[in-house]
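**Q** How does the following fold in three dimensions:
(one chain, ligands or ions: 2)
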Amino acid sequence: MAKNGLYTGIDIGTNTIKVLVAEYVSGEMNIIGNGNAKSDGLSKGIIVDIEKTAMSIRKAVNAAQEKAGIVIDTVNVAIPANQLQIEPCQGMFQISGGSKEIMDSDVIEVVQNALVRGLVPEREIIAVEPKEFVVDGFSEISDPRGMLGVRLEMKGVLYTGPKTLIHNIISSVERAGFSVGNIVVSPLALAKRVLTEQEREFGTVMIDLGAGQTTVAAVRDNSLSYVNWRPEGGDYVTKDISDVLNTSIKSAEDIKLNYGEASTERASQDEFFLVDMVGRPEPEQVSEYYLSQIIEARVEQIFEKIRQDLEMNRVDNFPGGMVLFGGAAAMPGIMDVAQRVFDQPVRLYVPTEVGLRNPAYSQVISIVSYVSGRSDIEILVTRAVMGDIPAPAPVYEAPIVQTQIPVAPVQQEYYEESPTVTPISKPTQEPEEEKEGIVDRVRGMLTKIFD
Ligand SMILES: Nc1ncnc2c1ncn2[C@@H]1O[C@H](COP(=O)(O)OP(=O)(O)OP(=O)(O)O)[C@@H](O)[C@H]1O
Ligand SMILES: [Mg+2]
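**A** Ligands and ions are numbered 1, 2, ... in the order given. The predicted structure follows:
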């Protein structure tokens with residue numbers, strides 16, 4: 001059960017910074033306030049300008065402070081799945097003075113022993129998830145404190161990430177004038193929030209469709225079994241619309257949000273809207289169906305790549321199917337396309353809390369509920385990892401334990417500049433065959449972009 005108190009979370013997204021303040025009373029979450037700010041300083045989910053990111057963070061936190069009527073000094077953050085490495089870890093500690101009751105300090109010792117390993121200098125430990133403690137050979141103990149023993153072991157999962165990425169997140173928050181409370185592993189927090197207990201146990205794939213990135217994580221037997229990240233999301237859809245319709249990014253984003261439909265099967269051929277096209281004196285009419293073709297092609301492409309990755313890593317057939325969230329998952333018709341490509345049960349996760357009923361809030365709400373819901377032993381392990389207690393001197397001896405969990409390699413793909421697009425003539429007024437021709441051209445062009 002969640003611990004009573006005030007909790008804050010911040011989701012530093014490519015498109016929006018989201019801040020949430022919640023109070024837990026008798027285990028129930030009450031939203032006290034939330035604040036958003038347009039994000040500046042990130043590209044494809046990665047901070048590329050600390051100063052600009054800090055300014056956006058300040059705006060979002062200020063907005064949340066105003067709504068909540070409190071002063072925020074500490075925020076909890078999540079480290080995204082980008083280049084996350086997951087390894088098993090194990091520690092052992094001989095309790096001094098013979099058999100005696102295991103205390104907090106013994107747990108800290110055993111965790112810190114599990115952290116002693118040869119990490120490459122550019123990586124950093126983010127978190128340890130304790131899976132079980134073993135006391136004098138008795139296994140599957142969730143909290144060993146108070147038990148009698150001479151030999152304490154901990155078996156868990158170690159999460160590491162690139163130092164730069166972690167440093168940039170902490171620096172941006174601190175530059176904004178706040179301090180970082182807990183650093184949580186994003187897919188772990190999300191799994192606890194967006195999946196049901198059964199889904200976590202039997203196996204389910206989560207897909208976070210953001211603006212600049214799409215993150216995929218598979219959970220089975222209550223453990224992360226796969227994570228992957230692709231530097232493409234809702235921004236790509238906007239850019240496609242802008243390229244194909246010869247309109248500004250701002251106008252393309254508005255069109256997407258107002259008329260977008262991801263499934264052509266559901267789009268109307270008889271509904272039209274006006275678009276300001278570059279080089280045209282008057283706005284041009286475009287059909288909802290035509291727009292849908294542009295969107296569907298890109299969404300299909302993103303899903304298809306994910307499907308192939310999942311298949312390659314043999315995580316493509318989990319009983320729980322797929323759960324979609326993230327701002328871009330709010331696009332009408334997206335579930336139909338996902339269903340078609342993955343050929344599995346697909347569900348959309350939308351937070352149920354008042355004021356947060358949008359899949360874009362999944363991440364921030366997961367941070368808050370993860371931090372508030374940690375058990376005492378999890379908090380103690382976190383303290384040990386964060387070095388609340390002086391850590392033993394690092395010993396650089398053993399090589400990194402071989403990763404058992406398949407973590408897909410980071411994709412180094414970037415949106416290529418689109419080839420010159422011939423401004424389209426009014427697609428809505430063309431005879432059917434000619435319209436098809438344009439559509440084929442668009443599809444051809446999009447295929448080129450994707451490839
Ligand atoms: N109703 C909607 N229909 C279509 N797209 C939407 C809708 N609402 C939001 N989006 C898109 O969702 C994206 C923003 O989602 P989100 O807030 O999850 O991204 P982010 O967390 O800022 O970015 P990222 O996770 O990629 O770093 C934008 O591309 C936006 O256009
Ligand atoms: Mg996001």
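
**Q** what distance separates the helix or strand residue 294 falls within from the centre of its chain?
**A** Assessed by DSSP states H and E, residue 294 sits inside helix 288-312. How far helix 288-312 lies from its chain's middle: 19 Å, per CA atoms, centre = their mean, to the nearest Å.

**Q** Mind listing residues that contact the next helix or strand after it?
**A** Once helix 288-312 ends, the next helix or strand along the chain (criterion: DSSP H and E) is strand 322-325. Residues external to strand 322-325 that are found in contact with it (CB atoms under 8 Å, 6 or more residues apart in numbering): 190, 194-195, 199, 204-209, 334-335, 338, 342, 344-350, 359, 362. In short, each C-beta sits where N, CA and C put it, glycine included.

**Q** ok, so what distance separates whichever residue of the stretch 301-450 of the chain sits closest to ligand 1 from residue 131?
**A** Nearest to ligand 1 in the stretch 301-450 of the chain, going by CB to the nearest ligand atom, is residue 327, at a distance of 2.0 Å. In this view, residue 327 and residue 131 are 33 Å apart by CB to CB, to the nearest Å.

**Q** I figured residue 246 hits residue 277, correct?
**A** Yes - counting by CB atoms under 8 Å, residue 246 touches residue 277, with 4.5 Å between them.

**Q** Ramachandran angles for the closest residue to residue 233 other than its chain neighbours?
**A** Excluding its sequence neighbours, the residue lying closest to residue 233 (CB to CB, 6 or more residues apart in numbering) is residue 210, at 4.5 Å. Dihedral pair for residue 210: phi -90, psi -160, per degrees, to the nearest 10.

**Q** And for the one 10 residues further on?
**A** Dihedral pair for residue 220: phi -150, psi 150, per degrees, to the nearest 10.

**Q** give me the number of residues near the closest residue to ligand 2 within the stretch 1-150 of the chain?
**A** Nearest residue of the stretch 1-150 of the chain to ligand 2 (CB to the ion) works out as residue 13 at 3.8 Å. Residue 13 sits with 25 neighbouring residues when counted by other CB atoms under 10 Å.

**Q** quick one, what contacts it?
**A** Taking CB under 8 Å, 6+ apart as the test, what residue 13 contacts is 39, 42, 45, 210-212, 327, 360, 363.

**Q** circling back to that earlier point, pLDDT on the helix holding residue 294, on average?
**A** Across helix 288-312, pLDDT averages out at 97.

**Q** and if you look at stretch 242-258?
**A** Here the average pLDDT along stretch 242-258 is 98.

**Q** distance between the ends of that stretch?
**A** Using CA to CA, to the nearest Å, one end of stretch 242-258 lies 14 Å from the other.

**Q** do you know how far the residue in the stretch 351-451 of the chain positioned nearest to ligand 2 is from residue 326?
**A** When scored by CB to the ion, the stretch 351-451 of the chain has residue 363 as its residue closest to ligand 2, at 5.3 Å. Using CB to CB, residue 363 is found at 8 Å from residue 326.

**Q** same check, this time on residue 163
**A** From residue 163 over to residue 326 (counting by CB to CB), the distance is 26 Å.

**Q** of these two, who's got more company?
**A** The residue with more neighbours, out of residue 163 and residue 326, is residue 326; 27 against 14, by other CB under 10 Å.

**Q** for that one, what are its contacts?
**A** Here residue 326 is in contact with 207-210, 214-215, 233, 359-360, 362-363 (criterion: CB under 8 Å, 6+ apart).

**Q** residue boundaries of the helices in the protein?
**A** Here the chain has its helices, by DSSP state H, at 50-68, 104-114, 163-175, 186-194, 197-202, 234-245, 249-259, 288-312, 334-342, 362-372, 376-385, 432-450.

**Q** Please identify which of the ones you listed is closest to residue 83.
**A** Ranking the helices of the chain by proximity to residue 83 (CB to CB) places helix 163-175 first, at 6.9 Å.

**Q** Contacts for that closest one, please.
**A** Contacts of helix 163-175 (CB under 8 Å, 6+ apart): 10, 12, 41, 46-47, 50-51, 53-54, 57, 75, 77, 79-80, 82-83, 121-124, 126, 179-180, 183.

**Q** among those residues, which ones are buried?
**A** Buried by 16 or more other CB atoms under 10 Å: 10, 12, 41, 46-47, 50, 53-54, 57, 75, 77, 79-80, 82-83, 123-124, 126, 180, 183, out of the contacts of helix 163-175.

**Q** Close to ligand 1: what parts of the stretch 301-450 of the chain are there?
**A** Within the stretch 301-450 of the chain, the residues that sit near ligand 1 (CB under 6 Å from any ligand atom) are 326-328, 330-331, 360.

**Q** In a markdown table: the residues you listed, plus distance to residue 144 and pLDDT.
**A** Converted to a markdown table, these look like this (distance: CB to CB, whole Å; pLDDT from 0 to 100):
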| residue | distance to residue 144 | pLDDT |
| --- | --- | --- |
| 326 | 38 | 98 |
| 327 | 42 | 98 |
| 328 | 44 | 98 |
| 330 | 45 | 98 |
| 331 | 48 | 98 |
| 360 | 40 | 98 |
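
**Q** Looking at stretch 377-396 now, give me its mean pLDDT.
**A** 69.

**Q** Next up, the contacts around the residue nearest to residue 331 when sequence neighbours are not counted.
**A** Nearest residue to residue 331, sequence neighbours excluded (CB to CB, 6+ apart): residue 262, at 4.9 Å. Residue 262 is in contact with 292, 295-296, 299, 331-334, 336-337, counting by CB under 8 Å, 6+ apart.

**Q** now with 6 Å?
**A** Residues near residue 262 by CB atoms under 6 Å, 6 or more residues apart in numbering: 295-296, 299, 331, 333-334, 337.

**Q** re the thing from before, before we move on, what's the pLDDT of the residue nearest to residue 233?
**A** 97.

**Q** for residue 131, same thing?
**A** Looking at residue 131, its pLDDT stands at 95.

**Q** now the one 10 residues further on
**A** The score at residue 141 is 98. That number is its pLDDT.

**Q** That one bridge partners, please.
**A** Residues in a beta bridge with residue 141, per DSSP bridges, are residue 133.

**Q** okay but residue 214 is in contact with residue 230, surely?
**A** Yes - proximity of residue 214 to residue 230 meets the contact threshold set by CB atoms under 6 Å, at 4.7 Å.

**Q** Compare those two and say which one has the larger neighbour count.
**A** A count of neighbours by other CB under 10 Å puts residue 214 above the other of residue 214 and residue 230, at 26 against 20.

**Q** beta partners of that one?
**A** Bridge pairing for residue 214 - DSSP bridges - gives residue 209, residue 230.

**Q** so who does it touch?
**A** Here residue 214 is in contact with 230, 233, 302 (CB under 6 Å, 6+ apart).
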